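Visitor: pasting the sequence and the predicted coordinates here, then a few questions.
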Amino acid sequence: MASEATTIEVDGPHGIREMRVSSPSRVLWPESGITKLDLAKYIVAVGGAFVLANGDRPLSLQRFADGIDGEQFFSKNPPKGAPAFVRSVPVVYPSARSHPQLVID
């Protein structure tokens, strides 16, 4: 069975791109009813300011597999299936281990 998904348009330096949002109706914040699609639309709306504040440096994604009240973990590696235009850079940690991490452009 195919999973529920939708696309949203994201304007960027190379024009408008359609980005896939999996499980758009998944409720992330139950108390207020905010869904994954609501979050994606918000990030698009504040994208310019977000990139100015956080751009051009590696980042980790804080993930919540079972919703905001469930267990959390940090994901350093770019997600599988990330589009080719998503940039990553190698980051070396004090332990000498290296991981590619996403960079917001």
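Guide: That came through fine.

Visitor: list the residues that contact His14.
Guide: Applying C-beta atoms under 8 Å, 6 or more residues apart in numbering to His14 gives the contacts Phe85. No exception for glycine: its C-beta is placed from N, CA and C like everyone else's.

Visitor: could you find the closest non-adjacent residue to the most centrally placed residue in the chain?
Guide: Centroid-nearest residue in the chain, with C-alpha atoms, centre = their mean: Leu61, separated by 6.9 Å. In space, and not counting its chain neighbours, Leu61 is closest to Ser75: 4.5 Å by C-beta to C-beta, 6 or more residues apart in numbering.

Visitor: would you confirm that that neighbour contacts Arg63?
Guide: Yes - under the criterion of C-beta atoms under 8 Å, Ser75 makes contact with Arg63 at 5.3 Å.

Visitor: return the per-residue confidence for Met1.
Guide: We have a pLDDT of 52 for Met1.

Visitor: before we move on, back to that, gap between the residue nearest to the centre of the chain and Phe50?
Guide: 14 Å (C-beta to C-beta, to the nearest Å).

Visitor: buried stuff in the one helix or strand in the chain whose mean pLDDT sits lowest?
Guide: Lowest by mean pLDDT, DSSP states H and E among the helices and strands of the chain is strand 61-64, with a mean of 87. When burial is assessed from 16 or more other C-beta atoms under 10 Å, strand 61-64 yields no buried residues.
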